[in-house]
Structure formats: C-alpha cells, structure tokens
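Visitor: My questions concern the predicted model and sequence given below.
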Amino acid sequence: MPTWEYAPAPESRDIANLKPNYRMFVDGAFVEGAGEPLKTINPATEEVLAEVSTAAPSDVDTAVKAARRAYEKVWGPMPGAERAKYIYRIARMIQERSRELSVLESLDNGKPIKESRDVDIPLAAAHFFYHAGWADKLEYAGFGPEPKPLGVAGQVIPWNFPLLMAAWKIAPALACGNTVVLKPAETTPLTALVLAEIIQQADLPPGIVNIIPGVGPVGASLVNNPDVNKVAFTGSTEVGKLIQSAIAGTGKKVTLELGGKAANVVFEDAPVDQAVEGIVNGIFFNQGHVCCAGSRLLVQESVADELLDKLRTRVSTLRIGDPLDKNTDVGAINSKEQLTKIRELVQAGEDEGASRWTSPCPVPDKGFFFAPTVFANVSQAMRIAREEIFGPVLSVLSFRTPDEAVAKANNTPYGLSAGIWTDKGSRILWMAGKLRAGVVWANTFNRFDPTAPFGGYQESGFGREGGRTGLEAYLDV
Ligand code: ADP
C-alpha cells in the first residue's frame with residue numbers, strides 16, 4: 001500500500017468575508033436581538049469566529065408577526081409565477097456566492113471544504129432551483145385544483161448541514177406560498193445569516209423570511225407560538241418528542257426529521273471495492289454527523305474478514321485535519337459537547353466487549369477531532385449498535401441469510417435510511433420492500449437530490465422533505 005504525501009492546499013479564509021458581528025434578520029432588516037449574544041467558534045481551532053445576536057421571546061413574537069403580515073398582504077396573494085422569480089433569484093445568488101458560503105460553512109461547522117464546496121452549497125442552490133419550478137405548478141402536483149398554503153412556518157434546524165438544512169426548509173415553504181421564521185442551530189448560525197443577506201439583496205419583500213439565531217428555548221418559543229401554522233424540525237429524537245407533545249392538539253401541521261441508526265447491508269455477491277467506498281462515504285462523510293449515516297454495517301459472514309481488511313486499509317488513508325484544506329477527508333467534530341458524546345459511546349463499545357480499531361492517521365492537537373473508528377464483533381444489544389453516535393464511528397455486525405439481514409437491519413427504533421450492496425437486482429427489490437426505512441440506497445449511499453423525498457419511520461420522525469411528496473407538508477391538502 002503506497003502512502004501518499006500531500007502538500008497542504010488550504011483554501012483562503014479571507015473568501016468567507018467573516019464579520020465580527022452578525023445580527024438577526026427580521027422583517028427585512030438586520031436587527032439586534034434582545035437575547036444573550038452567542039459566540040460561534042471554529043471547531044477546528046477553538047477560536048471565536050464572530051459574535052451573533054440572538055432572539056428573546058419578544059423577538060420571536062415580532063418575527064412571527066412580521067411573517068404573518070407578509071403572508072396575508074404580500075406572499076400569500078402573490079401569483080406562483082411571481083413567487084418563482086424570487087426563488088430562482090435566491091438560487092442564482094447562492095451559486096454566485098458559493099465559494100464564500102463554502103469557506104464560511106467549513107469555518108463555522110468544521111466540515112471539509114471539499115464537502116461544503118461539492119455537496120452542501122450546490123445542493124442548497126439546487127433546492128431553491130427545484131422548488132422555484134414548482135411555485136407556479138402546484139395545481140398539477142396532485143393535491144387538488146387549488147392547493148392553499150398553510151400560513152407561517154416555524155422552522156428549527158440542526159448544525160450538521162447548516163445552509164443545506166435552511167434551504168430544505170425555506171425553499172418548499174416559499175414555493176407553496178408560506179412565510180418563514182427559521183432558527184439555525186446555536187453552533188452554526190453564520191451561513192443562514194448570509195442567506196438572509198442574499199434574501200435581502202434578492203429584494204424579497206420584508207417579513208417573508210425571518211432568521212433568528214438562538215439556543216434551544218428560542219426554538220421552543222418559536223414552535224409554540226400560537227400564530228405559527230406549520231412546524232418543521234430537524235434534530236434529535238429527544239427534542240422532536242418534546243416538540244410533538246408541546247404542539248399536540250394545537251392543529252399545527254408538523255414534520256419531524258430526527259435521528260437514525262442506518263444499516264448498510266453488504267451481501268457476499270457485492271462488488272467489494274465499491275462497497276468499501278460506499279461504507280466509507282456512509283459513515284465518514286461529514287464526520288458521521290449525518291442522521292442517515294450508515295452507522296451499522298451488516299456484512300454477510302462469508303465475506304466479513306475480507307471486507308473488514310479492505311475497509312481498514314482504506315480508512316487508514318483518510319486524511320483528518322484542517323477543514324479548509326482541499327485534501328482533507330475528515331474535518332472537525334462540530335462541538336466539544338459532541339466530541340464528549342462520541343468519546344463516551346466509544347468507551348461504552350470497548351467496555352461492552354466490541355473490538356475497536358482506530359485509524360492511525362495523525363490528528364491535530366488543537367480543535368475537536370476524532371479519528372475514524374471501526375468496531376468489529378458488535379452485538380445487537382450493545383449501545384454502539386443501538387444509539388446514534390453522530391460521529392466517525394462504525395459498528396460492524398454480521399449475518400448469514402437475507403432474512404437475518406432484514407431482521408437485524410430493522411432491529412432499531414429508528415428508520416431513516418438503509419443501504420443494500422449486492423449484484424442481484426431481485427434481491428435489492430426484495431430487501432427494499434422489507435426494510436423499514438424512509439430512504440433505501442442500492443449500491444450507493446448518502447445520495448441526495450431535491451427531487452427525491454426524504455424522511456423517516458418510527459423514532460426517525462415523519463413527513464417527507466423534497467420531491468412532489470415534500471410539497472404536501474407545506475400545503476393545506
Ligand atoms: P443536536 O443534538 O443534533 O444538537 P437538537 O435537537 O438538540 O440536536 O438541536 C436541533 C435544533 O433544535 C437546534 O437548533 C436547537 O437549538 C433546537 N432545540 C433544542 N431544544 C429545543 C426545544 N426544546 N424546542 C425547539 N427547538 C429546540
């Protein structure tokens with residue numbers, strides 16, 4: 001196995017146009033919130049990037065009122081073809097500022113620049129492009145001749161794909177004629193606030209989109225605001241349950257996209273090298289901070305040793321370090337809290353008797369990093385097989401028959417995604433029908449497309465985002 005030396009190839013951080021202070025975006029203007037300002041840090045260096053003003057409960061109220069006014073007077077009555085023009089404009093402006101947004105995303109989140117540049121930002125633009133196309137065609141979407149918007153959408157998003165999650169939430173809401181108040185995650189507010197700048201420059205009338213940073217309770221006061229008609233949340237199952245019980249009986253429409261513990265199932269007839277790439281992508285993409293990550297590898301016993309050998313060899317070549325370096329494969333863990341959680345679960349894996357292997361790659365001394373780790377000899381009862389780790393840690397289990405693979409894959413309270421690796425088309429179809437997961441990938445993993453609905457079963461939440469199906473969440477049907 002040759003070892004490759006790479007010279008550093010860092011992207012310049014100047015491209016991010018980082019400002020010392022960022023403010024909330026309410027009713028078309030950047031304003032100071034009355035909440036405690038938060039400092040957002042670069043998880044790769046632990047330095048403070050910027051101070052961000054946050055919303056107090058009264059600011060949440062102001063933002064929801066602005067969204068209500070804009071819904072009633074401007075956006076609700078506007079013809080779909082007019083709405084589409086604004087949404088296309090936002091999409092194009094995201095593309096124009098894509099380098100800036102990529103660098104800023106990698107600084108604030110810790111993800112490798114090659115991912116923010118090639119995945120997050122282009123997909124965020126794609127979501128606006130795709131939904132712009134729907135804005136004037138809603139009567140052909142299969143929801144009746146005149147589907148109506150719901151009103152004001154209160155949206156709360158996590159830190160793993162900051163701009164992309166904002167796009168997933170805002171684009172369909174706008175296309176369907178709703179107005180928005182969105183709360184980004186406390187550790188990654190910056191790209192959402194640049195999106196606010198783009199929205200302002202796109203001349204979207206005031207109040208249609210409002211972005212209010214803040215901690216968890218700000219999210220709670222947003223989703224509980226009586227003037228919010230639709231709640232869209234992506235985050236932990238724990239908070240999803242809180243939200244669901246808080247809004248029960250209020251008549252608000254809700255979609256929840258929560259955690260996952262996806263099985264990536266490899267059969268003995270799978271193309272092994274391709275499967276290895278898919279497994280690596282499935283769990284080490286975005287440091288494993290992916291709700292649909294393929295965090296449980298189920299491999300058929302007859303090929304388990306060969307596959308594991310190849311996997312370890314491949315994982316040893318992943319480069320961990322500076323997220324702004326174009327050669328980096330695995331960046332920083334987003335926060336100290338998340339790093340602590342990953343360490344705790346990895347310790348539990350060792351204590352419960354699984355065999356740990358961690359890549360010998362060099363890890364930076366500063367910042368929050370965790371080297372890619374693979375646990376073999378994992379049994380279904382272990383915490384590392386049941387709980388979402390949300391980090392670069394893979395648990396490997398084996399199976400002998402397809403029925404056993406299905407039983408093990410479905411043995412989880414979650415049900416967001418799954419992967420199948422096999423040469424047989426018939427087996428793919430058979431498995432896909434048996435797996436209780438919202439998204440099933442075959443001979444690939446972590447493929448995202450705005451045209452494809454995404455969402456979960458059971459404790460992974462409900463409702464779909466993306467595609468024609470995703471429109472239903474923002475329409476009164
Ligand atoms: P994670 O564990 O991935 O950080 P969380 O569910 O804690 O996921 O956070 C996802 C988003 O939900 C964040 O924007 C966070 O501020 C917000 N949040 C946290 N607690 C609540 C709550 N009780 N109600 C609404 N939003 C919340």
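Guide: Yep, it's here.

Visitor: Please report how far Pro172 lies from Ser236.
Guide: Plainly put, Pro172 is 22 Å away from Ser236 if you go by C-beta to C-beta, to the nearest Å. No exception for glycine: its C-beta is placed from N, CA and C like everyone else's.

Visitor: in what helix or strand does the residue in the chain that the ligand sits nearest to lie?
Guide: Nearest to the ligand, among the residues of the chain, is Gly219, at 2.4 Å (C-beta to the nearest ligand atom). If you go by DSSP states H and E, Gly219 is part of helix 216-223.

Visitor: packing partners for that helix?
Guide: Judged by 3 or more C-beta pairs under 8 Å, 6 or more residues apart in numbering; DSSP states H and E, the packing partners of helix 216-223 are helix 57-70, strand 152-156, strand 179-183, strand 230-234, helix 237-247.

Visitor: Now it - C-alpha only, PDB.
Guide: Provided in PDB are the C-alpha atoms of helix 216-223 (Å, rounded to 0.1, in the frame of the first residue of the first chain):
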ATOM      1  CA  GLY A 216     -33.000  25.600  22.300                       C
ATOM      2  CA  PRO A 217     -35.600  27.700  24.200                       C
ATOM      3  CA  VAL A 218     -35.700  30.100  21.300                       C
ATOM      4  CA  GLY A 219     -36.700  27.200  19.100                       C
ATOM      5  CA  ALA A 220     -39.300  26.100  21.700                       C
ATOM      6  CA  SER A 221     -40.800  29.600  21.800                       C
ATOM      7  CA  LEU A 222     -40.900  29.600  18.000                       C
ATOM      8  CA  VAL A 223     -42.700  26.300  17.600                       C
END
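
Visitor: what residues does it touch?
Guide: Residues from elsewhere that reach helix 216-223, judged by C-beta atoms under 8 Å, 6 or more residues apart in numbering: 35, 54-55, 57, 60, 63-64, 154, 156, 181, 183, 186, 212, 228, 231, 233, 239, 242-243, 246-247, 252.

Visitor: about what we covered before: between Pro172 and Ser236, which is the more surrounded one?
Guide: Neighbour count, other C-beta atoms under 10 Å: between Pro172 and Ser236, Pro172 has more, with 29 against 15.

Visitor: Sheet partners, orientation included, of the helix or strand bottoming out on mean pLDDT in the chain?
Guide: Across the helices and strands of the chain, the lowest-confidence element by mean pLDDT, DSSP states H and E is strand 461-462, at a mean of 89. Sheet pairing of strand 461-462 (DSSP bridges) gives strand 253-257 (antiparallel).

Visitor: List the buried residues in the helix holding Gly219.
Guide: 218-223 (16 or more other C-beta atoms under 10 Å).

Visitor: Contacts only, for Arg436.
Guide: Counted by C-beta under 8 Å, 6+ apart, Arg436 has contacts 410, 415, 457-458.

Visitor: Name the residues that touch stretch 38-45?
Guide: Against stretch 38-45 from outside (C-beta under 8 Å, 6+ apart): 47-52, 54, 107-110, 186-190, 213-215, 322-324, 331-335, 364, 366-369.

Visitor: just to revisit the earlier point, show me what the helix or strand following the least confident helix or strand of the chain is in contact with.
Guide: Per DSSP H and E, the first helix or strand lying C-terminal to strand 461-462 is helix 467-471. With C-beta under 8 Å, 6+ apart as the test, helix 467-471 has contacts from 134, 138, 141-143, 147, 172, 175-176, 450-454, 464.

Visitor: what's the closest of those residues to Leu298?
Guide: Nearest to Leu298 among the contacts of helix 467-471 is Phe454, at 21.8 Å by C-beta to C-beta.

Visitor: so that closest one sits right up against Gly463, yeah?
Guide: No: at 9.9 Å, Phe454 does not count as touching Gly463 under the criterion of C-beta atoms under 8 Å.

Visitor: Find residues that contact each of those two.
Guide: Going by C-beta under 8 Å, 6+ apart, residues that sit against Phe454 and also against Gly463 are Glu257.

Visitor: Return the subset of the contacts of Arg436 lying in helices.
Guide: Among those, DSSP state H puts none in helices.

Visitor: Intersect those with the contacts of the ligand.
Guide: The subset of those within reach of the ligand, by C-beta under 6 Å from any ligand atom, is empty.

Visitor: Looking at these, which is nearest Gly288?
Guide: Gly415 (18.6 Å).

Visitor: separation between the nearest residue to the closest one once chain neighbours are set aside and Asp136?
Guide: Distance criterion C-beta to C-beta, 6 or more residues apart in numbering; nearest residue to Gly415, sequence neighbours excluded, is Tyr457 at 3.2 Å. Tyr457 is 33 Å from Asp136, where distance means C-beta to C-beta.

Visitor: tell me the domain boundaries of the chain?
Guide: Using automatic domain parsing, the domain ranges for the chain come out as 13-258+457-476, 263-442.
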